[in-house]
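Novice: this one's structure only:
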């Protein structure tokens, strides 16, 4: 085996690194995606966090997220951070919103202007949390998948580069010594064939792993988003109660 690797030339080093990286990351993603909580466990995790949020406040919910792990916990923590950022942004525009309300009241809108401003704030917050849910879920579930996909795409190209360099070596040997002795060109041809085969050996499993893991991540995404949206609603409700 060592002789075969050595015969492939220097490009065997990046090919071996790509192969090991692809296998390692694929195993890691397989374990993560197959360790997601089932429906009952997901409901329990959501209910515990909502209970802490509504009864004890955001600090308690943050503490639970800091001590937790897994896809749902990652999404919940991301939502908490994003919600706090949105509240800070809304506070900065509070004076502007009050001015809009006053103008509405002066124009005969009464309390309708205040109600519309409040509804707009809630709708904007909900939209931002929906986006955050999808982005954080995709970030967690799809982690490392682009690397595996890239390896599957570039491994044949590295093998092709090794093929070209091997053929260059073979032709240089022919030019220097003539074509009478097969041993003269054997090294270059061996390098060309070994790197090509190695590139395909790395690329084919990588592409298969990527396709399988990507489909698994997409199926899991829908389930994670459901609980993320539910927690986003709980965040908005807790914020309204606090403001009241």
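Specialist: Structure received. This one's a predicted model, so the numbers in the text were calculated from it and none came from an experiment.
Novice: As a check, name the ranges of all strands in this protein.
Specialist: Ranges of strands within the chain: none, based on DSSP state E.
Novice: In it, which helix is the longest?
Specialist: Using DSSP state H, we find that the single longest helix of the chain is helix 183-243.
Novice: Helices of this protein, start to end?
Specialist: Under DSSP H, the chain gives helices at 2-7, 12-33, 39-56, 58-67, 71-92, 94-106, 111-141, 145-177, 183-243.
Novice: rank the ones you listed by pLDDT, which is bottom?
Specialist: Mean pLDDT is lowest for helix 94-106 among the helices of the chain, at a mean of 56.
Novice: give the contact list for the most centrally placed residue in the chain.
Specialist: In the chain, the C-alpha nearest the mean C-alpha coordinate belongs to residue 139, at 2.8 Å (CA atoms, centre = their mean). By CB atoms under 8 Å, 6 or more residues apart in numbering, no residues touch residue 139. Every residue, glycine included, has its C-beta placed from N, CA and C.
Novice: Residue 167 versus that one, what's the distance?
Specialist: 43 Å (CB to CB, to the nearest Å).
Novice: Same question for residue 121.
Specialist: Residue 121 is 67 Å from residue 167, by CB to CB.
Novice: Could you measure from the residue lying closest to residue 129 once chain neighbours are set aside over to residue 201?
Specialist: Closest residue in space to residue 129, ignoring its immediate chain neighbours: residue 232 at 3.8 Å, by CB to CB, 6 or more residues apart in numbering. To residue 201, residue 232 is 45 Å away according to CB to CB.
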